[in-house]
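[1] A predicted structure for the sequence below; I have some questions about it.
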Amino acid sequence: MARRLELDIRGQICPSCLLLTLKAINEEAEALRRGEAEIVVTTDDRQATATIPAAAERMGYHAEVASLDEGYRIRVFGGR
Amino acid sequence: MLFESPYLFIIASSLAIGLIAGIVMHRADFCMTACFRDLFLFRDGFLLRQLVLLVVASLVLFELGRLAGLIKPYPFPLLPPPSLANLIGGFLFGIGMVLAGGCVCGSLYKLGAGSLASLLAVLGMLIGSTAYAEIHEPWADFARATRLAEALTLPQWLGLTTTAVLLPLSGLGALWLAREFRAGRMERPAWARGHLAPWQAALILALLGFLSWLLVGMPMGITTSYAKLGAAFTSLFAPEYVESRSYFSLQSLHYTPPFSDQPIQGGPGPALDAIAAIQYPLLLGIVLGAAFSALRLGEWRCHFRLPPRQIVSALAGGLLLGLAARMAPSCNVWHLWGGLPILALSSLLFLAGLLPGAWAGAYLLRRFVIR
């Protein structure tokens, strides 16, 4: 079972969502690549549902977006 | 004559344009700040390409409207002559908008959707715009002393006809955009509910700018109303202060609106004048349109957990933005959606300042605010 790193970035100013997620991706790069960790972002930033998956894919990871009552949940996981 | 008074028609037009703009900006998250910030912060030019589309579409619409005699006055009123004030104002505006997390317009649609950070930014803008009255006289002297030309637009300055400059430019723009569309760089997957593609938003906003000029007599602009709201609020408890500042007695707008033969005027003072009729409904429309859109999607919610650094950044950024919007004068929406498509010299200078300003803002944001 992969270790789950939760980031709750609801209500923060733009572009906290993408910046903090990229920071977490860089910090967890090795574990993400080996499938030992995943990052789960909760956000209400509509823009982030497009920018985070695009950035994650560019860096060679996968991303999934789910719609929740409190906003959106974006899961970043997996390696090449 | 459509109505007895020109005000009723202007108020109704501005409110309708604002409501649609608010819905469209919320659905597409069409953020002018992100256009520039993301280029420097993430090397991501996606949104900036959408802005190019908006500018090129407006350029074509405005020029066709001018040739058909539909839009007047041309150039539109309140366009300042080019001076270093535009450049410096644009630079400070760029820093402010990135720190505030949204520009004068962007913060309004985010506020409509329930963003507390944007409420702080808007409060900062109100204070900054009103505080400009303190430096208005020396700043106006500086703008006069550094005036670069008497011409208002690039074609005027070059001594060419408007069409001679705009036609090749729109052709080049269209070719470049066609290439970007074909390469798939104008679209990207999005998962937000009720998402509107930014390129569609850009076209609708260009059309709204055209309608605004057609119906109201100028493209969308809202920043004078920030100083006006601030002055109206200040005069509730310190009317003598507002009366003592020369800035608040200016009557910067004198014009005869389309569909009327009655000249009207207005300025940044607290009075309910032409500026109030044009800008207050637009401002209110954007907030209400975005709120309606967010409610319809079930996304309207307010969060109160803002890190202290971001509270300071939103307020301070808003303050700088408000001040800079009076120094420039006017905001990015006025200059980039209105002035740039007719190649206003002041708007070109504003843009030249805005780019390094957004770069500096992005640096400060990453270094001190979001860590």
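    All right, it came through fine. Numbers count the residues shown, from 1 in each chain, chains lettered A, B, ... in the order given.
[2] tally of neighbours for residue 17?
    You didn't pick a chain, so chain A it is. Counted with other CB atoms under 10 Å in any protein chain shown, the neighbours of A:C17 add up to 26. Yep, even glycine has a C-beta here, placed from its N, CA and C like the rest.
[3] try again with chain B
    Per other CB under 10 Å, the neighbour tally for B:I17 reads 24.
[4] Please apply the same query to B:P138.
    For B:P138, the count of nearby residues is 9 (other CB under 10 Å).
[5] ok, now B:P81?
    B:P81 is surrounded by 17 other residues when neighbours are defined as other CB under 10 Å.
[6] And it, how far from B:G298?
    With distances defined as CB to CB, to the nearest Å, the gap from B:P81 to B:G298 amounts to 48 Å.
[7] Grab the nearest non-local neighbour of the spatially most central residue of chain B.
    Nearest to the mean C-alpha position of chain B, by CA atoms, centre = their mean, lies B:V333 at 2.3 Å. Leaving aside its chain neighbours, B:V333 sits nearest to B:C105 (4.6 Å; criterion: CB to CB, 6 or more residues apart in numbering or on different chains).
[8] so what's that neighbour up against?
    B:21, B:25, B:32, B:220, B:222, B:286, B:331-333 (CB atoms under 8 Å, 6 or more residues apart in numbering or on different chains).
[9] Which of these fall within strands?
    Judged by DSSP state E, strands contain none of the contacts of B:C105.
[10] Columns pLDDT on top of the residues you listed, output as CSV?
    Conversion of these to CSV gives the following (pLDDT from 0 to 100):
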residue, pLDDT
B:A21, 98
B:M25, 97
B:M32, 93
B:M220, 95
B:I222, 93
B:I286, 97
B:C331, 89
B:N332, 91
B:V333, 94
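[11] B:D141: which of those residues is nearest?
    Set against B:D141, the nearest of the contacts of B:C105 by CB to CB is B:C331 (22.7 Å).
[12] and the gap between that closest one and B:F181?
    Taking CB to CB as the criterion, B:C331 is separated from B:F181 by 29 Å.
[13] Next, give phi and psi for the residue nearest to B:V333.
    Dihedral angles phi and psi of B:C105 (degrees, to the nearest 10) take the values phi -90, psi -50.
[14] now do the one 10 residues further on
    The main-chain torsion angles of B:S115 are listed as degrees, to the nearest 10 and equal phi -80, psi 120.
[15] helix, strand or coil for B:L340?
    Secondary structure, DSSP: H, G, I helix; E, B strand; the rest coil: B:L340 is helix.
[16] Not counting its neighbours along the chain, what's nearest it?
    The shortest distance from B:L340 to any residue that is not its chain neighbour, by CB to CB, 6+ apart, is 4.8 Å, and that residue is B:S347.
[17] which residues sit in contact with the one you found?
    Neighbour list for B:S347: B:86, B:335-336, B:338-340 [criterion: CB under 8 Å, 6+ apart].
[18] Pick out whichever of those residues sits closest to A:A2.
    Minimum separation from A:A2 among these (CB to CB) is found for B:L336, which lies at 44.6 Å.
[19] number of nearby residues for the closest one?
    Here the neighbour count serves as a burial measure; for B:L336 (other CB under 10 Å) it reads 22.
[20] and if you look at B:E243?
    B:E243: 12 surrounding residues under other CB under 10 Å.
[21] and B:C331 and B:F181? which has more neighbours close in?
    More neighbours sit around B:C331 than around the other of B:C331 and B:F181, counting by other CB under 10 Å; the figures are 30 against 14.
[22] my read: the more buried one touches B:S107, true?
    No - the pair B:C331 and B:S107 fails to qualify as a contact (CB atoms under 8 Å) at a distance of 10.6 Å.
[23] can you map out the helices along the stretch 151-300 of chain B?
    Here the stretch 151-300 of chain B has its helices, by DSSP state H, counting those that start in this stretch, at B:154-158, B:162-182, B:198-216, B:223-237, B:239-244, B:274-296.
[24] among the ones you listed, which is nearest B:G94?
    Of all the helices of the stretch 151-300 of chain B, helix B:223-237 sits nearest to B:G94, with 14.8 Å by CB to CB.
[25] For the residue in chain A that chain B sits nearest to, give me its contacts.
    When scored by CB to the nearest CB, chain A has A:G11 as its residue closest to chain B, at 2.5 Å. With contacts defined as CB under 8 Å, 6+ apart, the neighbours of A:G11 are A:44, B:115-117, B:302-306.
[26] if we go to 10 Å?
    Neighbouring residues of A:G11 by CB atoms under 10 Å, 6 or more residues apart in numbering or on different chains: A:43-45, A:71, B:114-117, B:301-307, B:310.
[27] Just the buried residues from the residues you listed, in PyMOL please.
    One line in PyMOL is enough to select the buried ones among the contacts of A:G11; burial here means 16 or more other CB atoms under 10 Å in any protein chain shown:
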select buried, (chain A and resi 43+44+45+71) or (chain B and resi 114+115+116+117+303+306+307+310)
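[28] Which ones among the contacts of A:G11 lie within helices?
    Within the contacts of A:G11, membership in helices is found for B:116-117, B:310, as judged by DSSP state H.
[29] out of these, which touch chain A?
    When contact is defined as CB under 10 Å from any CB of the partner chain, these meet chain A at B:116-117, B:310.
[30] how about those in CSV, adding pLDDT?
    Compiled in CSV, these are given as follows (pLDDT from 0 to 100):
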residue, pLDDT
B:L116, 92
B:A117, 92
B:Q310, 94
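[31] What parts of chain A come near chain B?
    Taking CB under 10 Å from any CB as the contact definition, chain A meets chain B at A:8-20, A:22-23, A:44-55, A:57-58, A:63-67, A:69-72, A:74.
[32] Of the residues you listed, grab the buried ones for PyMOL.
    Taking 16+ other CB under 10 Å as the burial criterion, the selection of buried members of these in PyMOL is written as:
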select buried, chain A and resi 9+10+11+12+13+14+15+16+17+18+19+20+22+44+45+46+47+48+49+50+51+52+53+54+55+63+65+71+72+74
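[33] So which of the residues of chain A next to chain B are in helices?
    The helices, defined by DSSP H, take in A:16-20, A:22-23, A:48-55, A:57-58 from these.
[34] in chain A, which ranges drop under the pLDDT threshold?
    Where chain A drops to pLDDT under 70, the residues are A:1, A:79-80.
[35] Can you show me the strands along it?
    If you assign secondary structure with DSSP E, the strands in chain A sit at A:3-8, A:37-43, A:62-68, A:71-77.
[36] quick one: the residue nearest to the centre of chain B and B:L196, what's the gap?
    In terms of CB to CB, B:V333 sits 18 Å off from B:L196.
[37] Quick check: the gap between the residue in chain B sticking out farthest from the centre and chain A.
    Distance from the C-alpha centroid of chain B, by CA atoms, centre = their mean, peaks at B:E240 (30.6 Å). Here the criterion is CB to the nearest CB, to the nearest Å. By it, B:E240 lies 37 Å from chain A.
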